[in-house]
Structures are given as C-alpha cells and as structure tokens.
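Chemist: With the sequence up front, the predicted model follows.
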Amino acid sequence: MDLSELHRKLIAAARTTPADDRVPYAFEKRIMAQLAGRSALDPWGQWGRALSRGALCCVGVVFLLSVFSYALPSAPAGAQVSLSQDVEQTLLASVDNYTVEQDN
C-alpha cells in the first residue's frame with residue numbers, strides 16, 4: 001500500500017470519528033507542563049553511574065578471587081617458589097629480555 005494512500009485513509013477515518021468528551025479538561029496543558037518541567041539527560045551523570053557500577057563489580061570479583069586464592073591448598077613442602085614470585089617473574093620477563101637486548 002502506498003504511504004500517501006494510507007495517510008489519506010487514516011486522516012479520513014479520524015475526521016469521521018466524533019469528538020469524545022471523556023478527555024479531562026486541560027489534559028494537553030498538564031502533559032505539556034510535565035514535559036517542560038523535566039530536565040535534560042546528563043551524559044556525564046550516566047557515565048558516572050555506569051563506571052561506579054563497573055567498579056563495584058570489579059571489587060566483588062577481586063574479593064571472590066582473593067577468597068578463592070586463600071582457599072587453595074598450599075604448595076608442596078619441596079616447592080620453594082610462591083605464587084607471588086611466579087607472578088613477578090612472569091611480569092618482569094619482558095623487562096629482563098629488553099635489558100639483555102639493549103646491552104648487546
């Protein structure tokens with residue numbers, strides 16, 4: 001169906017419908033007053049709320065991971081390297097490789 005034909009039919013149907021007195025007095029003025037009273041959306045406020053929710057989720061994940069790491073069984077008696085030393089060696093491996101390449 002053509003849009004102009006549909007528009008014409010809808011307008012004709014609206015014109016044949018009698019006015020309804022059930023609409024409260026000054027209804028449109030009250031609606032427009034409510035719309036005018038609303039404040040504009042604050043994009044910085046929305047970003048702040050989203051980031052604070054994300055930060056709270058991250059704190060929760062870190063808390064759960066720390067509880068889980070304490071719940072793990074400890075290393076065997078013969079093992080000398082702890083988890084913190086493993087992490088440090090892993091993170092600093094690229095720095096050590098970089099300094100060795102710079103010296104050559």
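Modeler: Sure thing, it's come through. Residues are numbered from 1 along each chain as shown.

Chemist: need the helices for the protein, in chain order.
Modeler: Assigned by DSSP state H, the helices in the chain fall at 3-16, 27-37, 43-71, 83-103.

Chemist: Worst mean pLDDT among these?
Modeler: When the helices of the chain are compared by mean pLDDT, helix 83-103 comes last with a mean of 74.

Chemist: one step back: any chance of the helices of the chain in CSV, plus mean neighbour count?
Modeler: Just so you know, the C-beta spots here come from the backbone N, C-alpha and C atoms, and that holds for glycine as well. CSV is the format used below for these (neighbours: other C-beta atoms under 10 Å):
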stretch, mean neighbour count
helix 3-16, 9
helix 27-37, 9
helix 43-71, 10
helix 83-103, 9
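
Chemist: Tell me which residue is most central in the chain.
Modeler: Nearest residue to the geometric centre of the chain (C-alpha atoms, centre = their mean): residue 50, 5.0 Å.
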